[in-house]
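Colleague: What follows is a predicted structure for the sequence shown.
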Amino acid sequence: MNRLELKSAAKEQIKGKIGILFVITLIIGAISGLSGVVLNLIPGGGLISLIIITPAFALSIARVYLNLLIDVTPDAKDAFSGFDDFWAAFKVNFLVGLFTYLWSLLFIIPGIVKAYSYSMALYILAENKGKAALECINESKEMTNGHKMDLFVLSLSFIGWFLLVGITFGIAYIWVGPYMQATFANAYVTLKPIKPTETIEPEF
């Protein structure tokens with residue numbers, strides 16, 4: 001897995017699409033923030049957000065960036081594409097969070113290692129609607145076997161960019177966010193046995 005090639009490809013893939021990617025991020029951020037405020041006023045409302053909204057939007061992001069890799073220009077409605085499989089998205093997110101937390105109880109290092117081990121699970125679900133959560137997680141573990149350090153170093157390579165985000169009071173994230181998302185989507189495609197050849201269409 002060549003880090004420079006992944007990042008170079010990501011720069012090309014997001015070129016000319018930063019505007020729509022920002023709109024998608026803005027939609028997700030606004031709805032997540034507003035729903036969090038509203039639902040927290042309702043008993044158990046926070047749980048509704050955790051089960052339905054957050055995982056579904058995470059799946060939407062995975063689909064947007066996987067489609068971007070095959071030169072499919074995103075649309076604002078793609079921000080909601082993950083809701084057609086929100087239950088599967090919840091199960092994947094829940095189990096990944098649970099397993100990572102349990103490993104973290106041993107010590108922080110095992111937790112970090114396992115976080116990278118499970119990091120491809122949502123991408124796998126994005127390409128396989130309704131796939132069982134444990135299958136996604138197990139496939140992610142197989143894909144990242146021998147590459148967890150590569151993924152860790154890839155994450156570290158963005159530290160400078162996030163310092164820039166801080167210096168610009170978040171403005172630079174308009175470009176840095178898509179750049180990082182596209183880079184990790186490229187990492188997924190590099191690690192998976194078969195590369196995607198079709199658009200991932202949501203079902204409504």
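Modeller: Nice, thanks for sending it over.

Colleague: going forward, measure contacts between C-alpha atoms and count neighbours the same way
Modeller: OK.

Colleague: what are the C-alpha coordinates of stretch 177-184, in CSV please?
Modeller: Presented in CSV, the C-alpha positions along stretch 177-184 are these (Å, rounded to 0.1, in the frame of the first residue of the first chain):
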residue,chain,number,x,y,z
GLY,A,177,-12.0,16.5,5.1
PRO,A,178,-12.7,15.2,1.5
TYR,A,179,-9.0,14.7,0.9
MET,A,180,-8.7,12.4,4.0
GLN,A,181,-12.0,10.6,3.3
ALA,A,182,-11.0,9.9,-0.3
THR,A,183,-7.5,8.7,0.7
PHE,A,184,-9.0,6.1,3.1
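
Colleague: And the contacts of it?
Modeller: The set of residues external to stretch 177-184 that reach it, using CA atoms under 8 Å, 6 or more residues apart in numbering, is 6-7, 9-11, 13-14, 18, 21, 65-66, 68-69, 158.

Colleague: Kindly recompute the last result at 7 Å.
Modeller: Outside of stretch 177-184, the residues within contact range by CA atoms under 7 Å, 6 or more residues apart in numbering are 6-7, 10-11, 14, 21, 65.

Colleague: Okay, helices next: where are they in this protein?
Modeller: Assignment of helices within the chain using DSSP state H yields the ranges 3-14, 18-39, 45-48, 54-69, 86-106, 108-117, 121-127, 133-144, 148-156, 159-167, 173-191.

Colleague: Which other helices and strands does the longest one contact?
Modeller: Put plainly, it is helix 18-39. helix 45-48, helix 173-191 (3 or more CA pairs under 7 Å, 6 or more residues apart in numbering; DSSP states H and E).

Colleague: Over to the fifth one?
Modeller: Using 3+ CA pairs under 7 Å, 6+ apart as the contact criterion, the elements in contact with helix 86-106 are helix 54-69, helix 108-117, helix 133-144.

Colleague: any idea how far the residue nearest the centre of the chain lies from Leu163?
Modeller: Among the residues of the chain, the smallest C-alpha distance to the mean C-alpha position (CA atoms, centre = their mean) belongs to Ala62, namely 4.7 Å. Applying CA to CA, to the nearest Å, the value for Ala62 to Leu163 is 24 Å.

Colleague: same thing with Ala76?
Modeller: With the distance defined as CA to CA, Ala76 ends up 28 Å from Leu163.

Colleague: Could you export the helices of the chain as TSV, including distance to Phe80?
Modeller: Putting the helices of the chain into TSV (distance: least, CA to CA, whole Å) gives the following:
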stretch	distance to Phe80
helix 3-14	20
helix 18-39	8
helix 45-48	16
helix 54-69	6
helix 86-106	10
helix 108-117	25
helix 121-127	13
helix 133-144	20
helix 148-156	27
helix 159-167	26
helix 173-191	17
